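**Q** Quick one, fold the following:
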Amino acid sequence: MADDDPLDQLLTKEAFEEAKAVNPLYFVDNGVELMRYLRREPPYTNEVEYPMPGLILLDLNMPKMDGRECLTEIQKDPRLRFLPIIVMTTSNREEEVLKSYQLGANSYIAKPVDFEKLVAQVKAFHAYWCSVVELPSGKQ
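**A** Below you'll find the predicted structure:
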């Protein structure tokens, strides 16, 4: 998950636990760190400690490199463009939704402010992305 807000990271982690979504979560604080992680640049060179994600939860509004820039960079990189990306952000503005899909997002979720609604969202997208669809192994 790429999100600069420590509280959002904590709430997402707790929502995954509450939803019994057992997939491991790895957090980075901004787009630059996300791209370093995905490209296995220092300090993310250890594949065991930092495995390639099966999917990415991406906030749009982050420092250094925002989510839109990350979407563009990921789509330009043939080693990364296979990764499913779920934009998970506070905005539900139509232009943000449209732009995200144009840049390669696979889903767009507006973060709820209520924790119980966040848990319900995690259950729903976990059921779909981790039970219904086939995801790449990340070893391309």
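
**Q** How about the contacts made by the residue nearest to the spatial centre of the chain?
**A** The centroid of the chain falls nearest to L57 when counting by CA atoms, centre = their mean (1.3 Å). Shown in contact with L57 (CB atoms under 8 Å, 6 or more residues apart in numbering): M1, A2, D3, T12, I86, M88. Where C-beta positions appear, they are placed from N, C-alpha and C, glycine not excepted.

**Q** for the fifth one, phi and psi?
**A** Note on I86: its backbone torsions stand at phi -110, psi 110 [degrees, to the nearest 10].

**Q** Chain neighbours aside, what residue packs nearest to it?
**A** Spatial nearest neighbour of I86, chain neighbours left out: S107 (4.4 Å); criterion: CB to CB, 6 or more residues apart in numbering.

**Q** isn't the one you found right next to V97, touching?
**A** No. Taking contacts as CB atoms under 8 Å, S107 lies outside contact range of V97: 10.3 Å.

**Q** Can you tell me the SS state at the closest residue to K13 other than its chain neighbours?
**A** Nearest non-adjacent residue to K13, counting by CB to CB, 6+ apart: L25, 5.9 Å away. With DSSP: H, G, I helix; E, B strand; the rest coil as the basis, L25 sits in coil.

**Q** Contacts only, for L25.
**A** By CB under 8 Å, 6+ apart, the residues touching L25 are M1, T12, K13, F16.

**Q** Helix or strand: which one has the third one?
**A** I take that to be K13. Secondary structure assignment for K13, by DSSP states H and E: helix 6-18.

**Q** Centre of the chain to that helix, how far?
**A** Computed by CA atoms, centre = their mean, to the nearest Å, the chain-centroid distance of helix 6-18 equals 13 Å.

**Q** Low-confidence regions, the protein specifically.
**A** 136-140 (pLDDT under 70).

**Q** Now do the phi/psi pair for the residue nearest to I86.
**A** According to degrees, to the nearest 10, S107 has phi -150, psi 160.

**Q** tell me the contacts of it?
**A** So S107 contacts P84, I85, I86, V87, F125, W129 (CB under 8 Å, 6+ apart).
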